[in-house]
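Student: How does the following fold in three dimensions:
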Amino acid sequence: MGSYPILHLKSALSIQQGMTLGTFEMENRIRYHETDQYGLIVYFDSKLYTKATKRIIVYIRECKAYLTFSNRIIHIGTCKLEFAGGNKKTFLDPEQVISLNLNLMLLNHEIVLLERHRNKNMLNIKFNIEFVFSEEPFESEKHGFTSIDCLQISKSDWENALINSDYKMSESLEVSPFISSEPSWHHATKTLEKARVYLNSGDGVAALNEVDRVLKQFVKHPYNGAYRKDNKQDSWKSYLFENFSQIEESKRDAISQLMQGFGGYLNKVSHHDEDIITPTSHYEHELMITTAQLLITYLYRLGIHERSNDLSVDNSSTSNC
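Tutor: Have a look, this model is predicted:
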């Protein structure tokens, strides 16, 4: 995990709201960020300036971040906002400046979303921060305000931050040369290129849809394991019996169950209507694309290896005649 200063990034986040108890302004400047294999955390130097008329109590109720593009706003990341010392409330005296800790945590798939909609421009993130004020410790919270203001990070600053971070786009699984040198592995990698493009653009459901489409090149119903003699491409059992009858039946059954389970998963989480679709996360999307890489490699391997063995048996038989 590495971190380094990025003080040169400019924060345009500020809030100013007239209150019966005074006026307040918040200033945030990016201090530094750190990355790991899960994502990015941005740390801010934050200060709350008050011109209150009397001593008051201020509570932090909510802090959220949003990605803005065109006319749309998407909630991103996880915000953590607290007063120095880890408290959610503090006393504010007139003409006082209070330090706050503001962190924005972005997972890798949220960075993908940022990159997808940033479209090589500067990055605009909106913050919605809500404070609540009270004159007495046990008085009901009756004064408050919400800020929705924008943090702008220049194109060059954001791209330099990504270059110097551990952030990486989803790539093909690394395996031993014993597997990766085989044509079946390269076929599977090529076949899943479009799915990874969807995944890296932040559209995991489209990525799973693409995997489902690839499986349907093998069988019509990838979630179906039953044998149907009248439709050779309808199920995994039919497909395996038609193409690999030389493989012993118990092994064909095992492969059929393996593929049927994966096909059934995709059927539940990808192309159903939105009102009945099973919700999934980016973590699951990437994991399933990786699983697809292995399973499709196996199917291609059967097609190359088992059929080539058949040919060698036929050739040897011919030579003995």
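Student: Next secondary structure after the host helix or strand of residue 60?
Tutor: According to DSSP states H and E, residue 60 maps onto strand 56-69. Proceeding N to C from strand 56-69, the next assigned helix or strand is strand 72-76, under DSSP H and E.
Student: Restrict that following strand to CA atoms and write it as CSV.
Tutor: This file holds the C-alpha atoms of strand 72-76, laid out as CSV (Å, rounded to 0.1, in the frame of the first residue of the first chain):
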residue,chain,number,x,y,z
ARG,A,72,-27.5,12.3,-14.1
ILE,A,73,-26.2,11.8,-10.5
ILE,A,74,-25.0,8.4,-9.3
HIS,A,75,-24.2,7.7,-5.6
ILE,A,76,-20.6,6.4,-5.3
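Student: Show me what it is packed against.
Tutor: strand 56-69, helix 108-118 (3 or more Cβ pairs under 8 Å, 6 or more residues apart in numbering; DSSP states H and E). Every C-beta, even on glycine, is put in place using the N, C-alpha and C of the backbone.
Student: okay, now the closest residue to residue 270 other than its chain neighbours: neighbour count?
Tutor: Nearest residue to residue 270, sequence neighbours excluded (Cβ to Cβ, 6 or more residues apart in numbering): residue 208, at 4.0 Å. Neighbours of residue 208 under the rule other Cβ atoms under 10 Å: 25.
Student: so which helix or strand takes in residue 208?
Tutor: Using DSSP H and E, residue 208 sits in helix 204-215.
Student: Distance of residue 294 relative to residue 92?
Tutor: When distance is defined by Cβ to Cβ, to the nearest Å, residue 294 is 58 Å away from residue 92.
Student: Chain neighbours aside, what residue packs nearest to residue 94?
Tutor: That would be residue 52: by Cβ to Cβ, 6+ apart, it lies 5.1 Å from residue 94.
Student: In terms of pLDDT, where does the one you found sit?
Tutor: Note for residue 52: predicted pLDDT of 70.
Student: Surely it is within a strand?
Tutor: No: counting by DSSP: H, G, I helix; E, B strand; the rest coil, residue 52 falls outside a strand, being coil.
Student: number of nearby residues for it?
Tutor: 19.
Student: try the one 10 residues further on
Tutor: Each residue near residue 62 was counted by other Cβ under 10 Å, and the total is 12.
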